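1. After the sequence you'll find the predicted model.
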Amino acid sequence: MSFSTAFASAPTEWDEDKATLSNYQEVRTDHIDLDWSIDWKKQVIHGGAQLRMTATKDIKTVVLDSSYLDIKKVSVDGTEVKWSHGERIGAMGEGLKIELKDQLKAGQVSLAG
């Protein structure tokens, strides 16, 4: 397998994903563990998600794509943190902004749930 230098260049305007509200260029989601229960009569899904993320640069905030979620709490590495929904943008939903207690340095791994 060979590596093309075309992929090693600095990001351009074409590298931006316009179909997401997340800060995917700053933090990478490596794994998602879902724990869901479905109430078919009420047509509701209850449960939670735990994400393992790796920072690609130093960050203090993680933004995830979300839509119509009723969130009770968000924890990062076992500590409850502040979070908020951004403004809804049509079919894209709203960004779920998670404020990290401590800055996550590039290369560090964190668990959020």
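-> Happy to help now that I have it. Residues are numbered from 1 along each chain as shown.
2. got a list of what the residue nearest to the spatial centre of the chain touches?
-> Centroid-nearest residue in the chain: residue 64, 3.2 Å away (criterion: C-alpha atoms, centre = their mean). Applying C-beta atoms under 8 Å, 6 or more residues apart in numbering, we find residue 64 in contact with 22, 29, 51, 95-96, 98. To be clear about C-beta, it is placed using only N, CA and C from the backbone, and glycine gets the same treatment.
3. can I get these in CSV with neighbour count, pLDDT and secondary structure?
-> Output for the contacts of residue 64, formatted as CSV (neighbours: other C-beta atoms under 10 Å; pLDDT from 0 to 100; DSSP: H, G, I helix; E, B strand; the rest coil):
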residue, neighbour count, pLDDT, secondary structure
22, 17, 92, coil
29, 14, 91, strand
51, 19, 92, strand
95, 21, 94, strand
96, 20, 95, strand
98, 22, 95, strand
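4. Can I get those residues in TSV including distance to residue 16?
-> Formatted as TSV, those follow (distance: C-beta to C-beta, whole Å):
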residue	distance to residue 16
22	12
29	18
51	22
95	15
96	19
98	21
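5. Show me which of those residues is closest to residue 43.
-> residue 96 (22.0 Å; C-beta to C-beta).
6. contacting residues around the closest residue in space to the closest one that isn't next to it in sequence?
-> Setting aside the residues directly before and after it, residue 96 is nearest to residue 66 in space (C-beta to C-beta, 6 or more residues apart in numbering), at 4.1 Å. In this structure, residue 66 makes contact with 85, 93-96, judged by C-beta under 8 Å, 6+ apart.
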